[in-house]
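**Student:** Provide a 3D model corresponding to the input given below.
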Amino acid sequence: MFDKILIANRGEIACRVARTARRMGIRTVAVYSEADARALHVSACDEAFLIGPPPARESYLRAERILEVAQRAGAQAVHPGYGFLSENEGFAEACAAAGVTFIGPPPAAIRAMGSKSNSKQLMEKAGVPLVPGYHGDDQDPALLAREAERIGFPVLIKASAGGGGKGMRVVRTAAEFADALASAKREAASAFGDDHVLIERYLMRPRHVELQVFADRHGHCIHLFERDCSVQRRHQKVLEEAPAPGLPPERRRQMGSAAVAAARAVGYEGAGTVEFILDASGEFFFMEMNTRLQVEHPVTEKITGLDLVEWQLRVAAGEPLPLAQDQVMLRGHAIEARIYAEDPARGFMPATGRLTHLREPAQSAHVRVDTGVREGDEIGVHYDPMIAKLICWDTDRDGALRRLRQALSEYQVAGLTNNIAFLSAVTAHRAFAEAHRDPALLDTGLIERHAAELFPAAVPVPDEVLAIAVLSELVHADTAARERAQASGDPHSPWHARDGWRMNEDNFHVFRFVDGDNVVPVIAHYRSDGYLLEMPGGASIQAQASEAADGALHVDLGGVRSVAHAIRRGADLTVFSVHGTHRLALEVRQTIGDDEAAGSLAAPMPGSVIQVLVGAGDQVEKGAPLMIIEAMKMEHTIAAPRAGTVKAVFFAAGDQVQEGVNLLEFEAAA
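**Tutor:** Numbering: from 1, shown residues only. The predicted structure follows:
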């Protein structure tokens with residue numbers, strides 16, 4: 001076994017690998033970019049080395065620099081995690097040349113499965129079922145268009161290299177094909193350095209089910225059961241679970257055999273995932289093989305009781321697999337929710353900012369949190385915006401779901417937009433909650449099909465939440481007054497009192513909160529036993545509150561008691577309570593009129609301009625594409641909000657833009 005390994009990654013996966021290595025008595029070496037100098041994975045390892053500036057191509061993708069660090073630190077092996085260099089055959093070969101063990105499959109296996117086109121040809125020879133499509137090397141656009149016609153629309157354009165939904169487009173008509181192909185190729189080239197694509201029939205209402213496989217260099221190869229990853233947005237996974245709901249035992253056996261056959265066909269070693277797509281009839285087809293550990297591997301660990309990183313280390317060190325196929329037991333059910341800094345209501349737009357407040361649910365045998373961030377950390381534009389993975393297990397799916405919903409309700413993130421409320425909505429929706437009783441409810445289109453329920457129209461903040469916000473302000477003001485009084489030298493002076501006393505007048509205070517586009521006032525009347533709160537709709541609430549040592553707010557609203565948290569940063573206020581999470585702001589007078597921003601189109605996120613499609617003076621129709629921005633390796637199209645004329649374009653292809661900056665000046669048609 002190794003004495004020291006280098007972890008060539010960052011974030012939660014680097015922390016997770018370090019955790020297992022420490023348990024096994026293996027020392028760890030971290031690498032980090034300038035942006036990650038204070039990152040959690042740096043402190044999680046025994047040593048850490050700076051490898052470059054924030055952009056991944058100048059740091060985490062610098063194979064030669066990483067190997068220099070490995071040799072300098074005396075690391076015997078490199079664990080690549082996932083993403084970055086994990087599926088880079090050149091890096092695996094460079095490790096071997098440097099005398100450092102690559103904790104992953106042989107370069108030949110990475111090469112064979114790294115190209116979706118080549119892997120499909122190999123799988124066809126191995127007898128693994130394939131979706132009808134075109135997997136050839138000829139990338140002539142005219143040929144690809146003809147192949148799409150032959151396959152029959154709708155079709156799926158998919159980047160041959162990489163994954164994560166990048167370079168993937170669903171095309172429903174021949175008229176859309178050329179633009180979709182160009183966009184997919186651009187995105188694939190940007191994300192993977194390879195614009196090669198394949199074309200496949202787009203299956204209607206499919207499920208995404210993958211098999212975890214493991215192989216060693218002694219000829220043993222087994223699977224560790226399946227995971228269902230059907231709940232997706234933009235072709236990227238949102239929820240993953242193991243085992244797959246409603247999958248018959250015979251189908252599980254067939255898919256397991258096919259996955260093992262796929263791994264054996266390329267001489268595989270280590271951890272890998274064979275991904276299949278199931279149609280409505282239950283027939284399954286090979287999609288691709290990921291030659292690395294998957295983001296969602298914890299659900300497999302929970303149902304098998306195994307540590308997959310430990311298995312990776314043992315196999316890479318030359319040991320045989322710890323168990324045979326018939327020794328692997330499936331126990332209970334596990335579900336993983338990916339918590340991201342993103343805005344589900346804005347097309348899951350990645351969000352950036354500082355984690356001003358972070359509280360995780362308590363971990364136990366039933367609840368696990370894998371994270372790479374701490375309170376105060378910055379989520380920037382250079383890397384994936386994942387905050388954490390929340391994994392919940394129980395003896396059956398109903399129990400796992402119940403625990404997941406509770407854990408989500410206890411997860412507190414303030415300072416940037418996140419998807420926790422959306423995850424709660426999905427896990428509570430019948431289409432997901434009842435999938436084990438009615439598997440037809442679950443497929444990759446679940447989010448899109450139920451968008452009306454999962455993205456409901458905004459409603460006013462409940463009176464109870466406004467009351468908690470007011471009580472929080474009042475309690476904090478009382479605390480500040482007491483501290484000032486103690487520091488004044490005359491703590492008993494009546495001038496320090498916070499009872500709202502006024503001569504010949506009612507004692508009250510008016511709070512104004514911004515809720516969406518509305519300003520809502522709440523009047524707090526001081527009473528000897530607390531406060532009488534006059535709510536915007538005319539109702540009154542008798543209220544009391546006190547703050548615990550841990551910052552929790554114990555509130556009594558009309559005799560109903562509960563515990564809440566209210567996090568204030570500047571004018572922004574985030575309230576966590578039994579009524580959910582709500583973001584408010586104390587009213588701040590605007591110094592710039594709203595009309596001053598009229599006629600401009602602002603960047604929805606930080607990123608780089610990929611393509612400018614219009615020029616000054618161009619007349620466009622509503623919805624016409626104006627500019628394409630790339631952020632976090634995904635393309636976003638800026639479209640005309642209505643028919644009109646482009647008056648000015650402020651950026652060119654290649655320019656970096658910040659969120660909120662005006663990209664174009666636009667004049668709507670009369």
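**Student:** remind me, longest helix of this protein?
**Tutor:** For the chain, the longest helix by residue count, based on DSSP state H, is helix 463-488.
**Student:** the inter-axis angle of the very next helix or strand once past that helix versus helix 463-488?
**Tutor:** As assigned by DSSP states H and E, the chain's next helix or strand after helix 463-488 is strand 508-515. Angle between the axes of strand 508-515 and helix 463-488 is 120 degrees (criterion: axes from the mean of the first three to the mean of the last three C-alpha atoms, to 10 degrees).
**Student:** Now do stretch 230-249: distance from first to last residue.
**Tutor:** 19 Å (C-alpha to C-alpha, to the nearest Å).
**Student:** and it, which residues are buried?
**Tutor:** For stretch 230-249, the neighbour count (16 or more other C-beta atoms under 10 Å) marks 230-233, 235-247 as buried. All C-beta spots, glycine's among them, are computed from the backbone N, C-alpha and C.
**Student:** In strands, which of these fall?
**Tutor:** S230, V231, Q232, R233, Q236, K237, V238, L239, E240, E241, A242 (DSSP state E).
**Student:** what's the closest of those to F276?
**Tutor:** S230 (11.4 Å; C-beta to C-beta).
**Student:** I'd guessed D228 sits against K237; true?
**Tutor:** No - with contact defined as C-beta atoms under 8 Å, D228 does not reach K237; the gap is 10.0 Å.
**Student:** what touches both of these two?
**Tutor:** H208 (C-beta atoms under 8 Å, 6 or more residues apart in numbering).
**Student:** And the residue nearest the centre of the chain, how close does it get to E87?
**Tutor:** Against the mean C-alpha coordinate of the chain, by C-alpha atoms, centre = their mean, the closest residue is Y340 at 3.6 Å. Distance of Y340 to E87, computed by C-beta to C-beta, to the nearest Å: 22 Å.
**Student:** How about L446?
**Tutor:** 28 Å.
**Student:** ok, now V42?
**Tutor:** V42 is 24 Å from E87, by C-beta to C-beta.
**Student:** higher neighbour count, the two?
**Tutor:** Taking other C-beta atoms under 10 Å, V42 and E87 do not tie; E87 has more neighbours (24 against 19).
**Student:** For the more buried one, give me its contacts.
**Tutor:** Here E87 is in contact with I110, G114, G162, N290, T291, R292 (criterion: C-beta under 8 Å, 6+ apart).
**Student:** For the nearest residue to E241 once chain neighbours are set aside, give the beta-bridge partners.
**Tutor:** Using C-beta to C-beta, 6 or more residues apart in numbering and skipping the chain neighbours, the partner closest in space to E241 is I335 (4.3 Å). In this entry, I335 is beta-bridged to E241, C392, by DSSP bridges.
**Student:** Give me the pLDDT value at D490.
**Tutor:** With respect to pLDDT, D490 scores 61.
**Student:** Please apply the same query to R502.
**Tutor:** 47.
**Student:** now swap in T173 and tell me
**Tutor:** So, for T173, pLDDT stands at 95.
**Student:** Burial check on it, number of neighbours?
**Tutor:** Number of residues near T173 (other C-beta under 10 Å) recorded here: 10.
**Student:** Quick check: it touching F153?
**Tutor:** Yes - the pair T173 and F153 qualifies as a contact (C-beta under 8 Å) at a distance of 5.9 Å.
**Student:** okay, and the common contacts of the two?
**Tutor:** With C-beta under 8 Å, 6+ apart, T173 and F153 have no common neighbours.
**Student:** where along the stretch 201-350 of the chain do the helices fall?
**Tutor:** Listed in chain order, the helices of the stretch 201-350 of the chain (DSSP state H, counting those that start in this stretch) span 249-265, 297-304, 308-316.
**Student:** buried residues in the first one?
**Tutor:** Of the residues in helix 249-265, R251, R252, M255, G256, A258, A259, V260, A261, A262, A263, A265 count as buried by neighbour count, 16+ other C-beta under 10 Å.
**Student:** What is that helix packed up against?
**Tutor:** helix 116-126, strand 207-215, strand 221-233, strand 270-278, strand 284-290 (3 or more C-beta pairs under 8 Å, 6 or more residues apart in numbering; DSSP states H and E).
**Student:** what do you get for the shortest one?
**Tutor:** If contacts are counted by 3+ C-beta pairs under 8 Å, 6+ apart, helix 297-304 sits against strand 221-233, strand 236-242, helix 308-316, strand 333-340, strand 367-371, strand 386-394.
**Student:** Report the separation between R186 and L423.
**Tutor:** Computed as C-beta to C-beta, the R186 to L423 distance reads 31 Å.
**Student:** which one of these two has more residues nearby?
**Tutor:** Shown here are R186 and L423; by other C-beta under 10 Å, L423 has more neighbours (23 against 17).
**Student:** Without its sequence neighbours, what residue ends up closest to that one?
**Tutor:** A337 is the one closest to L423 (C-beta to C-beta, 6+ apart), at 4.8 Å.
**Student:** Please give me every residue in contact with the one you found.
**Tutor:** A337 neighbours (C-beta under 8 Å, 6+ apart): V238, L239, K389, L390, I391, L404, L408, L423, T427.
**Student:** One more pass at 10 Å, please.
**Tutor:** Residues near A337 by C-beta atoms under 10 Å, 6 or more residues apart in numbering: 231, 238-241, 388-392, 404-405, 407-408, 411, 419-420, 422-424, 426-427.
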